[in-house]
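> just to be clear, the model below is a prediction. Sequence and coordinates:
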Amino acid sequence: MHRITKITGYVAIILVVLSFNFFLPRLMPGDPLSFLTGAPGMDMPIVLDEETRAKLLTYYGLDKPLSQQFYDYMLGILHGDLGWSIYHNAPVSDILIGALKWTLLLVGTSTALYMVLGILLGAISAWNRGGKSDVGLLVSLLSIGSFPPFFLGMLFIILFSVKLNLFPAFGAQTPFMGYSSLLEEASDILYHLFLPATTLVISHIGGVYLLMRNSMLNVIGEDYILTARAKGMAEWYIMRKHAMKNALLPITTMIALRTGFMIGGTILVETVFAYPGVGRLLFDAVTYRDYPLLQGAFLIITLVIIAANFVADMVYVQLDPRLRHD
Amino acid sequence: MTEIKDLNRFWNAYKESRLGLIGLVILLFFVTLAVFAPYIAPYDPHEMFKPMEHPGSDHLLGTNDIGQDILSELIYGARVSLFIAFFVSVVSGIIGTAFGLLSGYFEMFGFFLMRIVDAFLAIPRLPLIIVIAAFMRPSIWNLIFIFIILGWPITTRIIRSEVLSLRTRNYVEAARMVGAPDTYILMKHILPNVFPLLVVRLIIEASHVIIAESSLSFLGLGDPTAKSWGMILHYAFVYPTIFISDLWMWWMLPAGLCITFTILSLTFIGYALEELVNPRLRGMTRI
Amino acid sequence: MTTLLEITSLRTWFPTRDGIVKAVNAVDLKIEEKEKLGLIGETGSGKSILGMSIIRLFHPSAKINIEGKIVYKGKDLLRLSEEEIRKIRGKEIAMILQNPTTSLNPVLKVGDQIAEAIQLHQRLAKRAASEKAVEMLKAVKIPAPDKMANKYPHEFSGGMKERAMIAMALACDPSLIIADEPTKGLDVTIKMQVVKLLREVTKQRSMLFITHDLGVAAEVCDNIAVMYAGELVEYAKTEDIFKNPLHPYTQGFLNSLPERGLKPIRGMSPSLINLPDGCRFHPRCDYATGICKTMHPEMAEIGNGHFVRCLLYDRS
């Protein structure tokens, strides 16, 4: 029952996002093409050639009634048709699929790292509350978390790429490099991943850390922690086995919500490091006012986040035996 | 009278937190910059001098690519960033609280509103802001409008869950029993009790808005007529030689640090306040 | 009989932001082998803290000030390192904490929660420890113990949870059990079953039985110590406490029982931060005289192992 409500919720959210994507360009003054060519306050006006203009017109289907447009739009989405990118002059879906693997790599690695580190450090901090390690962790993580991700990325480029020449400043791979082995390719990719992933981890670890620390401080006062101590269990064991699981329960959904923030950060970090993911595409789409691409990127990002929330729900049910039904 | 006494007690507890004091001092510094910008800034931020001037006695932090004094831009930038943050957090706080109180108090309304809140929270905030901002004319008021629209749901959810727990307290039950009107109970018994939580929320929302505003501006979606710190970073970032010359030291670094320290101050204040409000955190770690 | 545990001038204080909580003050107490000693007092009298102080059951970084001597089998427990006292906890001295619903970990199987202590103290393999855990559940008369060992606490009833707590305490065959309000919140039938079980399983051990339920204490205990505002005010054989209570507080406590007319003691128990001068009970005492406000009475033997801390009986 619980699961059905949840899934209905996800479907509803996807429908909301799709409708939002559909109506936003149509609600703007004029038709979706007029603001493409001369929106006020734009950095650069875009000159559309006849062919592209025709493609866009057919995509938006503006000559048809609104209900027909909506139906065609939804049908197109189901077939994977997200429109035509003005800037790249290619189907949006193709461009996005090419970029998605890089974003998933970047988001996946950093999410795994910042969650594990944040949860662990938060637990350790709370367990030593008021002690030197707690105060040190709290102050340093709150401080580094205050750097906006794009600024942190820029500082890293200056320090690690320009000054120390340790890591590449942009891209996901060395351009025009023929790899002689899979290992070489993998290490080149990891080499390029290092700075953007580190930037994301550092700017997001503080949030998870603080959630875990607060939740852990609540758990420390629970009676079952005393029971475990009365049995003679070691402190480290009690923290790991008795406290952490209970502390994670109330914050799984909040941590999942953080994936949303995290994706926001990815747009900025990919932009700074010219990392060829969906976030970078979103930035390009904004710069060149490539609206179909912009909306396609937004849709993909939303889907990734909904998937993350779905995973979090599954994890939550697995963590809490009171929710498990056999 | 009691309000003054309460404030005093609150301040006495607050000032025990070293983090909270540090945060307050930093925030006051930036607020002073913002309020007295015309008296502090050496030049009008729009005035143009010789472009790409290195730091010197005329221009302490040099000039940018179109010859504006960077220090003056920074000082006026405090106005833009702080004004947006303050305005948005207060207005979305008021809307969020009103909805939170109503939805906590009236069950049916609360149920439907929470579904809307869930939808808002599931959609990634920054990408959504970027998409909306990309379709709208970039102006401060448009940004403020978007931030308010996206800011209230979290406040509503927090206030609602607090109201739900307050509603079962004896004094609220008692007031209901003797037939006090709902509005009276909400204003007299519930609002004062959610207030501390709301203050924490406002501070955290302000820091979120500053991050979101600077991110948008950094991506080039800010108001070009009112330059915020994020906009300064945007123009610095798109300048071709920013990383390979020393330009970053006076063009990029100060603006980035201004954003960082403002967020830091709000984070510290928020943490100190949360320690006061959350009884479990209270009295354990006072730093 | 030999002494198993001897507490001398024990003091447990907690510094807090509002002041120092003086939870336990100059307590002397002895538990003989196989003795069942009742520790009785109102909520907030410091009796639970006294029990916890014996095995230092506090978070290592908590600011707690314990002084005095707690000699167990010739060793002063207060001089042991954290590592050494851990080997005593659960193995030599086990504690049954109050409120089984919150004292069992909701996300771990009950059997595992019992087995982990066995694994630790008896150095058994996981499998053998789990088997022993099932045996323990059987020993506390939980039906279908092998099935119940694989269940989570929320699948247990209140009485079964209490039995599981007892099984956990017995798991490593301790010499002393500290039971903190094990019957609180249970309905009468189940309470009597738990009391019967406790009596059965502690035949060969000592027990410090902390409770405010005098009726249960009378069933279980050989001797009773009465605690008020962080100190002991009376100590005697169980029989004597009931037949001949000396301290006005003990008398008041007995009179507040339903079968003796439900007469509550007037006033409220003092905060452990601001203890009254003189006799700590004088603000609520019907017999208080001027001297009670200034002079703090000592514990004195009235005869036949009956001790009381009250100026009414001061023969000097």
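Ah, there it is.
> now the helices for the stretch 1-150 of chain B?
Along the stretch 1-150 of chain B, counting by DSSP state H, counting those that start in this stretch, helices occupy B:2-14, B:18-35, B:37-40, B:70-105, B:107-122, B:125-135, B:140-167.
> in a markdown table: those, plus distance to C:Leu311.
The C-beta positions use only the backbone N, C-alpha and C, and glycine is treated the same way. What follows is the helices of the stretch 1-150 of chain B, written out as a markdown table (distance: least, CB to CB, whole Å):
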| stretch | distance to C:Leu311 |
| --- | --- |
| helix B:2-14 | 40 |
| helix B:18-35 | 49 |
| helix B:37-40 | 73 |
| helix B:70-105 | 56 |
| helix B:107-122 | 60 |
| helix B:125-135 | 70 |
| helix B:140-167 | 48 |
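> what's the closest of those to A:Gly80?
Set against A:Gly80 and scored by CB to CB, these come closest in helix B:125-135, at 20.3 Å.
> pLDDT (mean, whole number) over stretch A:15-27?
Mean pLDDT, computed over stretch A:15-27, is 80.
> can I get the CA coordinates of that stretch in CSV?
Extracted C-alpha coordinates of stretch A:15-27, given in CSV (Å, rounded to 0.1, in the frame of the first residue of the first chain):
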residue,chain,number,x,y,z
LEU,A,15,3.5,14.5,-15.1
VAL,A,16,3.8,17.9,-13.3
VAL,A,17,7.4,18.3,-14.7
LEU,A,18,6.3,17.3,-18.2
SER,A,19,3.3,19.7,-18.2
PHE,A,20,5.6,22.4,-16.8
ASN,A,21,8.0,21.8,-19.7
PHE,A,22,5.1,22.0,-22.1
PHE,A,23,3.4,25.1,-20.8
LEU,A,24,6.4,27.2,-19.9
PRO,A,25,7.4,28.2,-23.5
ARG,A,26,3.8,28.5,-24.5
LEU,A,27,2.8,30.8,-21.7
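> and that stretch, what's buried?
The neighbour-count check on stretch A:15-27 (16 or more other CB atoms under 10 Å in any protein chain shown) flags A:Val16, A:Val17, A:Leu18, A:Phe20, A:Asn21, A:Phe22, A:Leu24, A:Pro25 as buried.
> which residues are contacting that stretch?
With contact meaning CB atoms under 8 Å, 6 or more residues apart in numbering or on different chains, stretch A:15-27 is reached by A:32, A:35, A:60, A:66, A:69-70, A:73-74, A:77, A:291, A:295, A:298-299, A:302, B:119, B:123, B:131-132, B:135.
> if we use 7 Å, what do you get?
Stretch A:15-27 has contacts (CB atoms under 7 Å, 6 or more residues apart in numbering or on different chains) with A:32, A:70, A:73-74, A:77, A:291, A:295, A:298-299, A:302, B:119, B:123, B:135.
> same check, this time on stretch C:162-172
Identification of contacts with stretch C:162-172 by CB under 7 Å, 6+ apart yields A:231, C:90-91, C:94-96, C:100, C:103-104, C:110, C:113-114, C:117-118, C:121-122, C:136-137, C:139-142, C:156, C:177, C:182, C:186, C:194, C:197-198, C:201.
> try 8 Å this time
For stretch C:162-172, the external contacting residues (CB under 8 Å, 6+ apart) are A:227, A:231, C:90-91, C:94-97, C:100, C:103-104, C:110, C:113-114, C:117-118, C:121-122, C:132-133, C:136-137, C:139-142, C:153, C:156, C:177, C:179, C:182-183, C:186, C:190, C:194, C:197-198, C:201.
> return the subset of those residues lying in helices.
A:227, C:100, C:103, C:110, C:113-114, C:117-118, C:121-122, C:132-133, C:136-137, C:139, C:190, C:194, C:197-198, C:201 (DSSP state H).
> quick one on the thing from earlier: of the contacts of stretch A:15-27 - the most surrounded one?
Each of these was scored for neighbours by other CB atoms under 10 Å in any protein chain shown, and A:Tyr291 scores highest at 27 neighbours.
> so what's C:Arg79 scoring on pLDDT?
In this model, C:Arg79 is scored at 91, pLDDT.
> number of nearby residues for B:Met136?
18.
> what's near enough to touch it?
Neighbour list for B:Met136: B:Asn142, B:Ile146 [criterion: CB under 8 Å, 6+ apart].
> for the residue of chain B positioned farthest from its centre, what are its contacts?
Ranked by distance from the centre of chain B (CA atoms, centre = their mean), the top residue is B:Val178, with 40.9 Å. Under the criterion of CB under 8 Å, 6+ apart, B:Val178 has no contact partners.
> in stretch B:175-182, what counts as buried?
B:Ala175.
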